[in-house]
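> task: produce atomic coordinates for the following.
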Amino acid sequence: MGHMSMEQPSKEKRKRSGVLEAAAVATALLGAIDREPAHALDLPPETPWAVGVQKNLRNAVMNERNESQTTFLMLSDGTTVWPAVQEGKETSVVYTIANEFNYVVKNHRGEQIEARCSIHTHPFAYKMEGPFGKMYSLPYNPPSDLDIRAAGMDKDYERFYSLAKMKVKKNVFASADSKGLWYYGASPANFAKEDSGAWDKAFSKFVHQSIFDKNFEFTVEYPKLQEAYRKNLGAEIRFVPYEQVSQEPVCAGVDYKAAKSVALGK
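Here you go, the predicted structure:
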């Protein structure tokens, strides 16, 4: 469910990593790295935002075993692009930003980035199988605690784009499950100490009820889940059903105030 390794590297590993990163950046600037073909997630760069989310990402969630990660960019000239796709493992994906950076520098250098949205899939809808096929699917699979921590540590995009004098004005994170997008990010609210155990109980309860409780009411349980992230992980989450993605700005993020008339979780 996470998409970034949390292991602390040694001094030597960090040094070697820095050298490799510098080499990757130099190579990218020279245009020598080709965009890797999509595997689990087939997402051409020119795909419109809503189509990419509602069709391509949703199909990957529902039909692939492995997680995938991609980014969507809206540039200052109005261009939008999905510059890179990366396939991971069943429960994780480690994104290599050099492929994204290389594509953008070769095709859109000089443009500022109005919005950047990093999205990875949670394809658990496909994994619960029995002798006669799918036993059940997970209606909802919100961001994990590892997703939250990884988002707080992700600064690679700033380092890379600064080399090309390209500023990222807005950077947001999201995960996609079988029902829609979960935006997530740091909460401005204060919390005393991270309590992942309390968060895990709230998370498990929400997911379990959404599967097995015929009286499950999303609009009742969703605010409780949001509070668990806010109180125990210092994070904000916001869910957008696939059917309503086109009703919001691209890369809307956790701060966007959806119209009150919108019925979530339907």
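
> C-alpha only now, for contacts and for neighbours.
Noted.

> helix/strand/coil for residue 77?
coil (DSSP: H, G, I helix; E, B strand; the rest coil).

> list the residues that contact it.
Residues in contact with residue 77 (Cα atoms under 8 Å, 6 or more residues apart in numbering) are residue 111.

> what's the spacing between it and residue 115?
12 Å (Cα to Cα, to the nearest Å).

> cool, residue 227 as well?
Taking Cα to Cα, one finds residue 227 at 27 Å from residue 115.

> just the helices in the stretch 1-150 of the chain please.
11-29, 49-51, 58-63, 97-108, 145-153 (DSSP state H, counting those that start in this stretch).

> more neighbours: which of residue 227 and residue 115?
Between residue 227 and residue 115, residue 115 has the larger neighbour count (other Cα atoms under 10 Å), namely 21 against 17.

> partners of residue 238 in the sheet?
Legend: beta-bridge partners of residue 238 under DSSP bridges are residue 183.

> which pLDDT value belongs to it?
Residue 238 carries a pLDDT value of 97.

> you'd agree it is up against residue 183?
Yes. At 5.1 Å, residue 238 counts as touching residue 183 under the criterion of Cα atoms under 8 Å.

> which one of the two has more residues nearby?
Neighbours were counted for residue 238 and for residue 183 using other Cα under 10 Å; residue 183 has more, 26 against 21.

> OK, contacts around that one?
Residues in contact with residue 183 (Cα under 8 Å, 6+ apart) are 172, 173, 174, 175, 237, 238, 239, 240, 253, 254.

> all strands for the stretch 51-200 of the chain, in order.
Per DSSP state E, counting those that start in this stretch, the stretch 51-200 of the chain carries strands over the ranges 68-75, 80-81, 85-87, 113-121, 129-130, 133-134, 171-176, 180-186.

> and the first one, what does it pack against?
So the one you mean is strand 68-75. Judged by 3 or more Cα pairs under 8 Å, 6 or more residues apart in numbering; DSSP states H and E, the packing partners of strand 68-75 are strand 80-81, strand 85-87, strand 113-121.

> could you do the third one as well?
Helices and strands touching strand 85-87, by 3+ Cα pairs under 8 Å, 6+ apart, are strand 68-75.

> now do the longest one
Strand 113-121 makes packing contacts with strand 68-75, strand 171-176 when contacts are defined by 3+ Cα pairs under 8 Å, 6+ apart.

> please repeat the previous calculation with a cut-off of 10 Å.
helix 58-63, strand 68-75, strand 80-81, strand 85-87, strand 171-176, strand 180-186 (3 or more Cα pairs under 10 Å, 6 or more residues apart in numbering; DSSP states H and E).

> need these in JSON lines with distance to residue 45 and mean pLDDT, can you?
JSON lines is the format used below for those (distance: least, Cα to Cα, whole Å; pLDDT from 0 to 100):
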{"stretch": "helix 58-63", "distance to residue 45": "16", "mean pLDDT": "90"}
{"stretch": "strand 68-75", "distance to residue 45": "9", "mean pLDDT": "96"}
{"stretch": "strand 80-81", "distance to residue 45": "5", "mean pLDDT": "97"}
{"stretch": "strand 85-87", "distance to residue 45": "9", "mean pLDDT": "90"}
{"stretch": "strand 171-176", "distance to residue 45": "18", "mean pLDDT": "96"}
{"stretch": "strand 180-186", "distance to residue 45": "20", "mean pLDDT": "95"}
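
> as JSON lines, those with distance to residue 201 would be great.
JSON lines is the format used below for the helices and strands packed on strand 113-121 (distance: least, Cα to Cα, whole Å):
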{"stretch": "helix 58-63", "distance to residue 201": "24"}
{"stretch": "strand 68-75", "distance to residue 201": "26"}
{"stretch": "strand 80-81", "distance to residue 201": "38"}
{"stretch": "strand 85-87", "distance to residue 201": "29"}
{"stretch": "strand 171-176", "distance to residue 201": "20"}
{"stretch": "strand 180-186", "distance to residue 201": "19"}
